[in-house]
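S.K.: need coordinates for the following:
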Amino acid sequence: MPDAVDILFLYAEEPIHAGVGTGLGAIDQPIQREVHTDFPVIYGSSLRGALKDEVQRQHSDAVADTLFGSPSSQGPVSVHDARIVLFPVQSLFGGFAWVTCPRTLAVLQRSLFTAGLWSDHEGAAQPANGDYWELPGPIEPGECLVPWPEGQTEPLSCLVQAETDNAETPTYTAVLREYAFQVAATPNECVKAYKLADWLGRKALPQDASFTFWREALPTHLVVLSDEDFSFFSETATQVITRVKLGSNKTVEGSALWAEEALPPETLLHAPIITRAGDFLETSRTTIKGLKATNVGGTESIGRGRVALTFLKGGC
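M.R.: Predicted coordinates:
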């Protein structure tokens, strides 16, 4: 029997501070980032610790040690880094947008390949069951894609404003923070964005009633940016929280002021979970699937790090 590869989606309900210690810049306590892209990430060691702690709370220390290992033994479960899928950014229209880019979607697609949920069919990446979304083509900086159902005359997005300028075909513009992005004049590519939003709403977000609003909002609030523009927002639009330490007289202690970075609420990440073949394979998968939420990163005592979990069982 081969090892099992599953996908775990993490949806941030509160800011996530998965930190790396002391920073050298203006942010004293920055978050974890990929070294080659500088995109936010949650290291597998941090996520593994959070999952093990949640299993201990819901089951027992013995179950947690059996699955994730102990100081004297290695468990069958291997937890990989949680990579970014959707990042929330303030929008002039519609409140906020979930932004993504071709590079982050390519990483997600690669994980789906690894999990046996995607296949290479005549050179095109497709899931074996026909539940299908395509990777968008290249996007120029300053342009974007928004969900546009096939056959409709205008995009589904609530984030864009139409501009006619005496032209027969209107152009659409999204304004994220103070930056304007013109919707690319490629309806076929925007259809891909619609199919992507639909798939993520059904597969990556929790399916219980408390997430109905967020699942229905995805097709109207998704924006696909260029890799360059996504990188800019992932570096500059994180949540930075200024904190102080108070002394016994309720005044700030000397030099006890610091800036702490966090991933904002509504961020979506994904992490491959590999379970070695053996006696505990199905037990491991069932136990992890049963985890509906956990806390990741530091400052849990002040409400940070709460994430909802969605388990997508792999095909291998």
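S.K.: give the contact list for the closest residue in space to residue 156 that isn't next to it in sequence.
M.R.: Once flanking residues are discounted, residue 156 sits nearest to residue 147: 4.7 Å by CB to CB, 6 or more residues apart in numbering. C-beta here means a position set from N, CA and C on the backbone, and glycine is covered the same way. Residue 147 sits next to 155, 156, 157, 190, 193, 194, 196, 197, 219, 220, 222 when contact means CB atoms under 8 Å, 6 or more residues apart in numbering.
S.K.: can you do 6 Å?
M.R.: Applying CB atoms under 6 Å, 6 or more residues apart in numbering, we find residue 147 in contact with 156, 157, 193, 194, 197, 219, 222.
S.K.: what of residue 87?
M.R.: Residue 87 neighbours (CB under 6 Å, 6+ apart): 99, 234, 267.
S.K.: check residue 41 too.
M.R.: Going by CB under 6 Å, 6+ apart, the list of residues near residue 41 reads 32, 34, 81, 83.
S.K.: just the buried ones from those residues?
M.R.: 32, 81, 83 (16 or more other CB atoms under 10 Å).
S.K.: check the contact between the first one and residue 20; I expect there is one.
M.R.: Yes. Using CB atoms under 6 Å, residue 32 makes contact with residue 20 at a distance of 5.4 Å.
S.K.: in the stretch 51-200 of the chain, what spans have low per-residue confidence?
M.R.: Applying pLDDT under 70 to the stretch 51-200 of the chain flags residues 120-130, 166-167.
S.K.: now the strands for it?
M.R.: Remark: strands assigned in the stretch 51-200 of the chain by DSSP state E, counting those that start in this stretch are 77-79, 82-90, 96-100, 119-121, 124-126, 143-145, 160-163, 171-176, 179-183.
S.K.: got the angle between the longest one and strand 179-183?
M.R.: Between strand 82-90 and strand 179-183, the angle comes out at 100 degrees (axes from the mean of the first three to the mean of the last three CA atoms, to 10 degrees).
S.K.: run me through the strand neighbours of strand 82-90, direction for each.
M.R.: Strand pairing for strand 82-90, determined by DSSP bridges: strand 41-42 (antiparallel), strand 96-100 (antiparallel), strand 268-275 (antiparallel).
S.K.: list the buried residues for the second one?
M.R.: Pointing back at strand 96-100 there. Applying 16+ other CB under 10 Å to strand 96-100 flags 96, 97, 98, 99, 100 as buried.
S.K.: just flag the most distant two among these.
M.R.: Pairwise distances across those (CB to CB) peak at 13.6 Å, for the pair 96 and 100.
S.K.: need the residues that contact stretch 229-248.
M.R.: 15, 39-40, 87, 89, 99, 101, 141, 252-253, 256-262, 264.
S.K.: state the mean pLDDT of that stretch.
M.R.: Taken as a whole, stretch 229-248 has a mean pLDDT of 89.
S.K.: do the same with stretch 32-44
M.R.: For stretch 32-44, the per-residue pLDDT averages 96.
S.K.: do stretch 202-216 as well
M.R.: Per-residue pLDDT over stretch 202-216 has a mean of 96.
S.K.: then it to PDB, C-alphas only?
M.R.: Output in PDB follows, covering the C-alpha atoms of stretch 202-216 (Å, rounded to 0.1, in the frame of the first residue of the first chain):
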ATOM      1  CA  ARG A 202     -16.900  23.900  -2.500                       C
ATOM      2  CA  LYS A 203     -13.600  22.200  -1.700                       C
ATOM      3  CA  ALA A 204     -11.400  24.600   0.300                       C
ATOM      4  CA  LEU A 205     -13.800  26.300   2.700                       C
ATOM      5  CA  PRO A 206     -15.700  24.600   5.500                       C
ATOM      6  CA  GLN A 207     -19.100  23.400   4.400                       C
ATOM      7  CA  ASP A 208     -21.000  24.000   7.600                       C
ATOM      8  CA  ALA A 209     -23.700  26.700   7.900                       C
ATOM      9  CA  SER A 210     -21.400  29.200   9.600                       C
ATOM     10  CA  PHE A 211     -19.400  29.600   6.400                       C
ATOM     11  CA  THR A 212     -22.300  30.000   4.000                       C
ATOM     12  CA  PHE A 213     -21.700  33.700   3.600                       C
ATOM     13  CA  TRP A 214     -18.000  33.300   2.800                       C
ATOM     14  CA  ARG A 215     -18.600  30.500   0.300                       C
ATOM     15  CA  GLU A 216     -21.200  32.600  -1.500                       C
END
